[in-house]
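In: This is a predicted model, with the sequence first.
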Amino acid sequence: MAEPAMIASVAVDIDIVWRRVSTDPSLAEVLDDRERERAARRGNPARYTTAHALLRTAVAEQVGGTPQAVVFERTCATCGSHRHGKPTVAGHPELSVSLSYAGGLAVVALSRGGEVGVDVEVVDDSDFEGFNAVTLDPSEAPALDRLGPDRLGVARALVWARKEAVLKASGHGLAVDPRQVVVSGPEEPAALLQWKGDVALSTGVQLADVPLTEPGHVAAVALLSDQPAQVRLVSA
């Protein structure tokens, strides 16, 4: 009897595009009116403007046309509102996108192989008393408790970025308690170990750290897929 043929897993590409936050006024010309209004209300408009201009440019390179012609739609996975939630590209349901900005960086993730979520964090922002209580499942605490103070800040930021990436990919954001998203320890390869959210995820989750070269920042990306993921990093 012939042995059954083995089906090889095909890696799903995740493109990561990043750039430093810029005050270049030409970036605002890429945004639509609503985005410009939102940027103006921000304490640091440059971060919002840079991130959304980067997202528009990256999507246009994937689907063709100009960045200004890209249309985004939003639907909240929790309440169903179209005024907020994970962005989707109108006319291109096969392309999933996510953006994040913090400190001096803006990061965008794109994939055609499943819902994607990316998060970038400033290391110092996660280094605070009480981090474990508001962020970690009890099973995650030992991996951080054994680290010295010189490594704890980066570890906390990385764990938080992994959790946030999963929550962005699922579309729930912080409507789901991050303590219900159990991830691997900071010195282990990125992985989702357990999802305790009330609504089950429809697929497996691929999780990876993003190898940024910008000091003081860490990032992670998640993909809702049963297939392995391959991260491709591009500096804009």
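Out: Happy to help now that I have it.
In: all helices of the protein, in order?
Out: With DSSP state H as the criterion, the chain has helices at 33-40, 45-63, 131-135, 141-145, 149-170.
In: I'd like those helices laid out as CSV, including mean neighbour count.
Out: To be clear about C-beta, it is placed using only N, CA and C from the backbone, and glycine gets the same treatment. Below are these laid out as CSV (neighbours: other CB atoms under 10 Å):
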stretch, mean neighbour count
helix 33-40, 14
helix 45-63, 21
helix 131-135, 15
helix 141-145, 14
helix 149-170, 22
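In: Out of these, which is closest to S96?
Out: helix 149-170 (8.1 Å; CB to CB).
In: any idea how far the closest one is from the chain center?
Out: Put simply, helix 149-170 sits 11 Å off its chain's centre (CA atoms, centre = their mean, to the nearest Å).
In: again, but for stretch 124-136
Out: 19 Å.
In: so who does V122 touch?
Out: The neighbours of V122, taking CB atoms under 8 Å, 6 or more residues apart in numbering as the test, are A102, G103, A157, G216, H217.
In: partners of it in the sheet?
Out: Beta-bridge partners of V122, counted by DSSP bridges, are H217.
In: quick one: the strands in the protein?
Out: 12-20, 72-75, 86-89, 96-102, 105-111, 116-122, 181-183, 192-195, 205-210, 217-224, 229-235 (DSSP state E).
In: Pull out the buried positions in the last one.
Out: Put plainly, it is strand 229-235. Buried residues in strand 229-235, counted by 16 or more other CB atoms under 10 Å: A229, Q230, V231, L233.
In: Which neighbours in the sheet does it have, and how are they oriented?
Out: strand 12-20 (parallel).
In: Just the mean pLDDT for the partner strand, thanks.
Out: What strand 12-20 shows for mean pLDDT is 96.
In: what's the angle from it to strand 116-122?
Out: 30 degrees (axes from the mean of the first three to the mean of the last three CA atoms, to 10 degrees).
In: quick revisit: return the member of the buried residues of strand 229-235 nearest to L167.
Out: A229 (17.0 Å).
In: tally of neighbours for the closest residue to the closest one other than its chain neighbours?
Out: Distances taken as CB to CB, 6 or more residues apart in numbering put Q206 closest to A229, at 3.8 Å, once the chain neighbours are dropped. By the measure other CB atoms under 10 Å, the count of residues near Q206 is 27.
In: quick one on the thing from earlier: mark which of the contacts of V122 are buried, thanks.
Out: A102, G103, A157, G216, H217.
In: residues contacting the residue nearest to A229?
Out: Q206 neighbours (CB under 8 Å, 6+ apart): V12, A222, L223, S225, Q227, P228, A229.
In: Now with 10 Å, please.
Out: Residues near Q206 by CB atoms under 10 Å, 6 or more residues apart in numbering: 11-12, 14, 111, 113-114, 116, 169, 190-192, 221-231.
In: Could you give the bridge partners of it?
Out: According to DSSP bridges, beta-bridge pairing links Q206 with L223.
In: Please read off the pLDDT at it from the model.
Out: With respect to pLDDT, Q206 scores 98.
In: Distance-wise, check it relative to G153.
Out: Distance of Q206 to G153, given as CB to CB, to the nearest Å: 26 Å.
In: Make TSV out of the strands of the chain and add distance to E37.
Out: What follows is the strands of the chain, written out as TSV (distance: least, CB to CB, whole Å):
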stretch	distance to E37
strand 12-20	23
strand 72-75	15
strand 86-89	17
strand 96-102	18
strand 105-111	19
strand 116-122	24
strand 181-183	33
strand 192-195	36
strand 205-210	30
strand 217-224	28
strand 229-235	29
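In: Residue ranges in this structure under the pLDDT threshold?
Out: By pLDDT under 70, the low-scoring segments of the chain are 1-9, 77-84, 235-236.
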